[in-house]
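>>> please work out how this folds:
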Amino acid sequence: MMKNPQTVTFTLNGERKTFITRPDEKLLDLLRREGYKGTKFGCGQGTCGACTVLMDGRAIYSCLLYSMQAENRDIRTIESIGTHDKPSEFQQELIAAGAVQCGYCIPGMIMSAEALMKAEKTYPEEVVREYMDGNLCRCTGYEKIWDALQTVLARREAANKAKAKS
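Now for the predicted structure:
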């Protein structure tokens, strides 16, 4: 039985939803309890990035945010990015680069990259590093993940420049 139940309403992956929660329940725990298992528990301290989701377009650590703080916000999880049959551009590049080993960090990496690609039109290295900072990977040494991201960003930047010229 839930102690001090409250409701929280927010847009989740494009759909307005209401959930029963507790005042002390973290957004990560609410999402996982409701079946959004792509958002991972890593450290619980906001240092690993495994729990990264987008809130109003910005990457945030859902392990640090109380579920009630999501009230009337727009929350996107990894489940809103591509599908098994139709992966996003970055997901395709991660696969092509062989960048996914255990896969635990990948949802957070993808969500941080999504925030970057939505907010920026050019991708200087220092900006990319700032967006991706706080996403830890224990398997790959980051090189293949970085290469996959750079491929996508170069393609997007070229498309943005082409649009600006026309």
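>>> find the residue at the geometric middle of this protein.
M111 (2.1 Å; CA atoms, centre = their mean).
>>> chain center to the host helix or strand of that one: distance?
M111 belongs to helix 106-119 when assigned by DSSP states H and E. Computed by CA atoms, centre = their mean, to the nearest Å, the chain-centroid distance of helix 106-119 equals 5 Å.
>>> quick check: buried residues in it?
I106, P107, G108, M109, I110, M111, S112, A113, E114, A115, L116, M117 (16 or more other CB atoms under 10 Å). Quick note: C-beta positions are derived from backbone N, CA and C, even for glycine.
>>> what's next to the helix or strand just after that helix, contact-wise?
Counting by DSSP H and E, the next helix or strand C-terminal to helix 106-119 is helix 125-132. With contacts defined as CB atoms under 8 Å, 6 or more residues apart in numbering, helix 125-132 is touched by A59, M109, S112, A113, A115, L116, E120, L149, Q150, L153.
>>> return the distance of helix 125-132 from the chain's centre.
Using CA atoms, centre = their mean, the offset of helix 125-132 from its chain centre is 15 Å.
>>> what lies in contact with the longest helix belonging to the chain?
Counting by DSSP state H, the longest helix found in the chain is helix 143-165. When contacts are defined by CB under 8 Å, 6+ apart, helix 143-165 is touched by residues 89-90, 93-94, 96-99, 109, 113, 116-117, 121-123, 128, 132, 137.
>>> can you select the buried ones from those in ChimeraX?
Of the contacts of helix 143-165, the buried ones go into a single ChimeraX selection, burial set by 16+ other CB under 10 Å:
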select :89,90,93,94,97,99,109,113,116,117,123,128,132,137
